[in-house]
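Q: Need the 3D shape of this:
(one chain, ligands or ions: 1)
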Amino acid sequence: MAEKNLQVLLASRPTGWPSESNFRIVEADVPECGPGEVLIRNHWLSLDPYMRGRMNAGKSYAAPVEIGAVMTGGTVGEVLESKHPRFKAGQYVVGRLGWQLFALSSGEDISVVDPKLVPLSAYLGAVGMPGATAWSGLLEYCQPRAGETVVVSAASGAVGSIVGQLAKMQGCRAVGIAGGPAKCAYVVDELGFDACVDYKAGRLHDDLRTACPDGIDCYFENVGGVTMDTVFRLLNPFSRVALCGLISEYNATEPQAFTMMRAVLVNRVRVQGFIVSDRMDLYQRAIARLGPLVAAGRIRYRETVTEGLRNAPGAFIGMLRGENFGKQLVKLA
Ligand code: NDP
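A: Residues are numbered from 1 along each chain as shown. Model (predicted):
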């Protein structure tokens, strides 16, 4: 029997937390490779927090996934057939080919990667979009100087783990915020941060003040909500905040208001929101520098691997709850 393409479609838009019923898994024919096209078998699918935003209909910096369409997502896979002059069968490519086993590309949205430099899955994490996000947000928008204190939330995750390691390379004190003792121990013992505060222990303000005796000069925000409010009250005059993500609010049904903007004003803090794709020059530079650092073991990362596309919806919801430890991936092949 001919091989089938398995796909995960958006079945309905969630209100608040998504459930598996918001997704539909279907079988389709493997597409035919036409002139100018490339046929790819995906080996890995990346699950990322931004996908929750794509499930909503509202206006954002990117268009929503249409009901009945394949869920959007970063992938790494192998070229099975190419009728495009820049690609040939047997190459590995990273792209945004969605939650499916096979996909066609026009060649515009894929680029060749080298599986001998780092493992294929790393092109979706430390040497992929999350790594480039960490690089741009920290070095371009926070601009940390040696001796300063850098704090990052969701510190054990795909983006946060790289932020702290890069901050250490800049000669900074790196302090993470993460959920639970196991994640905090990993951040300090394996990633080399100076300290990590467990926000679930219920003493975030006092523990952060102890971990940051000279205050906070740079804050890389991944979480929002109470965490952001607490960190802002400890920011030094003329500190810089890279506003990268607000995951604690992605499933909220009521808007949340906090008092941190007073701290921004009196301390003349510079806050910069950014989307990693704003600056593709930085993105390319980041990937070019991160590859050798990861290959040499100077930047470390951790992955949570879910087996099989059918388990992707459950793994995605788990990641939004913090059940992932490091980059959340789905192994397809
Ligand atoms: P992670 O690998 O860090 O996974 C998400 C983590 O968020 C969870 O493991 C959990 O860790 C933490 N989390 C979930 N809910 C809460 C909560 N209520 N309070 C505090 N922490 C919570 O994801 P990424 O590294 O891929 O993404 C991190 C952030 O960066 C996200 O906000 C994402 O949207 C953003 N992002 C932005 C980009 C941009 O261009 N601006 C590009 C890429 C990512 P824990 O157990 O420690 O709570």
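Q: A helix includes Leu208, no?
A: Yes. Leu208 forms part of a helix when assessed by DSSP: H, G, I helix; E, B strand; the rest coil.
Q: What's opposite the nearest residue to Asp194 once chain neighbours are set aside in the beta bridge?
A: The shortest distance from Asp194 to any residue other than its chain neighbours is 5.0 Å, reached at Arg173 (Cβ to Cβ, 6 or more residues apart in numbering). For glycine as for every other residue, the C-beta is placed from the backbone atoms N, C-alpha and C. Counting by DSSP bridges, Arg173 is bridged to Thr149.
Q: change the start of the numbering to 256 and stick with it
A: Okay, residue one is now 256; in that scheme the one you just asked about reads as Arg428.
Q: Enumerate the residues of the chain near the ligand.
A: Counting by Cβ under 6 Å from any ligand atom, the residues of the chain close to the ligand are 303-305, 385, 388, 409, 411-415, 433-434, 438, 477-478, 482, 499-503, 529-531, 574, 577, 579, 582.
Q: Give me the subset of these lying in helices.
A: Taking DSSP state H as the definition of helices, the residues of the chain next to the ligand contribute Tyr305, Pro385, Thr388, Gly415, Lys438, Thr482, Met574.
Q: picking that back up, are any of the residues of the chain next to the ligand buried, and which?
A: With neighbours counted by 16 or more other Cβ atoms under 10 Å, the residues of the chain next to the ligand contain buried members at 303-305, 385, 388, 409, 411-415, 433-434, 438, 477-478, 482, 499-503, 529, 531, 574, 577, 579, 582.
Q: At which residues are the helices of the stretch 256-405 of the chain located?
A: Applying DSSP state H, counting those that start in this stretch to the stretch 256-405 of the chain gives helices spanning 305-309, 384-390.
Q: Please name every helix or strand in contact with the first one.
A: Using 3 or more Cβ pairs under 8 Å, 6 or more residues apart in numbering; DSSP states H and E as the contact criterion, helix 305-309 has no neighbours among helices and strands.
Q: which residues does the closest residue to Lys259 other than its chain neighbours contact?
A: Of all residues not flanking Lys259 in the chain, Glu282 sits nearest, at 4.5 Å (Cβ to Cβ, 6+ apart). Counting by Cβ atoms under 8 Å, 6 or more residues apart in numbering, Glu282 touches Lys259, Asn260, Leu261, Gln262.
Q: top of those residues by neighbour count?
A: For the contacts of Glu282, the largest neighbour count, defined by other Cβ atoms under 10 Å, is 20 neighbours, found at Gln262.
Q: Bridged to that one, which residues?
A: Gln262 has these beta-bridge partners by DSSP bridges: Val281, Gln355.
Q: Do I have it right that it meets Trp354?
A: Yes. Taking contact to mean Cβ atoms under 8 Å, the distance of 6.7 Å between Gln262 and Trp354 places them in contact.
Q: on that earlier part again, tell me the one among the ones in helices among the residues of the chain next to the ligand nearest to Val367.
A: Within the set of these, Pro385 lies nearest Val367; the separation is 19.9 Å, counting by Cβ to Cβ.
Q: give me every residue that touches Ser494.
A: Taking Cβ under 8 Å, 6+ apart as the definition of contact, the neighbours of Ser494 are Gly470, Ile471, Asp472, Cys473, Tyr474, Asn522, Val524, Arg525.
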